[in-house]
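Asks: What follows is a predicted structure for the sequence shown.
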Amino acid sequence: MRERVVFSIGEAMPPRGDVLDRMGMGSPAPVSTRTDALIEAAVAEFERLAEPTGLVDDVTAEAFALVYAGEGRNSHETPLERIYPRADSLALFVATLGARVSARITELFAADDMARGYVLDAVASVSSDLLADRLAARYRERVSDGGTAVLGYSPGYCGWHISAQRKLFERLGPGEIGISLNESCLMQPLKSVSGVLVAGAAPIHRFRPEFSFCANCTTRQCLPRMRSVR
Ligand code: SF4
């Protein structure tokens, strides 16, 4: 089943605490009046410019194997190659905030307005991740019998090479919501997310982060993700 999702601005608006975390200001200490004003201004611009949209399309494990393999550049062993064969179901996804937010961020940086550009970038980045979470929640509602956990996995992370985006885009065709790939496999608009939604029992999403590439990982994002599906 292929589904196009148009999100409301409210659904795309990230919690303020998450934006502060992204800005490295997640401590309980109060933020300055200037930071407060920058966040308020960024939120207002976000409300005015964002056009949050997503696309989800079911994919069989056999078809996904080709997407996953991409151009043969994945790491030797990855979490996803162990996880997806144990899934109950899979769906490819993309979501975007539309061209106007990304263009505005570029414009602010080009004008040397670093502070406003940085805060709007933080709001948009957290929002993009939120859209992926919202698509995962919708997909879970559709396929779940109650005990299903759904997480999204994206090319460019945890050993799944970014070049797999090409196969993912060939299969999903997200041009219909205005997303394309550049030569480096980066999405345009920049504030977009893509990947595969993996539905199955929670234990399939658990692994020890001891892959070769984990030594260089600074985020360890897999840990809170795994905790989120317990
Ligand atoms: S430690 Fe980092 S690179 Fe390794 S699986 Fe977790 S998030 Fe991915």
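Replies: Arrived safely, thanks for sending.
Asks: then the host helix or strand of Gly200 to CSV, C-alphas only?
Replies: Per DSSP states H and E, Gly200 falls inside strand 192-201. Extracted in CSV, the C-alpha atoms of strand 192-201 (Å, rounded to 0.1, in the frame of the first residue of the first chain):
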residue,chain,number,x,y,z
SER,A,192,14.3,15.5,4.3
VAL,A,193,14.6,12.0,5.7
SER,A,194,14.4,8.6,4.1
GLY,A,195,14.8,5.0,4.9
VAL,A,196,12.9,1.8,5.7
LEU,A,197,10.3,1.2,8.4
VAL,A,198,10.9,-2.1,10.0
ALA,A,199,7.9,-3.7,11.9
GLY,A,200,8.4,-6.7,14.2
ALA,A,201,8.7,-7.8,17.8
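Asks: Rounded mean pLDDT for that strand, please.
Replies: Throughout strand 192-201, pLDDT has a mean value of 97.
Asks: which secondary structure elements does it contact?
Replies: Contact here means 3 or more C-beta pairs under 8 Å, 6 or more residues apart in numbering; DSSP states H and E; on that basis strand 192-201 packs against helix 61-69, helix 79-83, strand 89-96, helix 114-143, strand 148-153, helix 165-172. Heads up, the C-betas are built off the backbone N, CA and C, glycines and all.
Asks: which parts of this structure sit against the ligand?
Replies: Proximity of the chain to the ligand, by C-beta under 6 Å from any ligand atom, involves residues Pro79, Cys158, Pro209, Phe211, Phe213, Cys214, Cys217, Thr219, Arg220, Gln221, Cys222.
Asks: Most neighbours among those, please name it.
Replies: Pro79 (22 neighbours; other C-beta atoms under 10 Å).
Asks: Brilliant, that's me finished.
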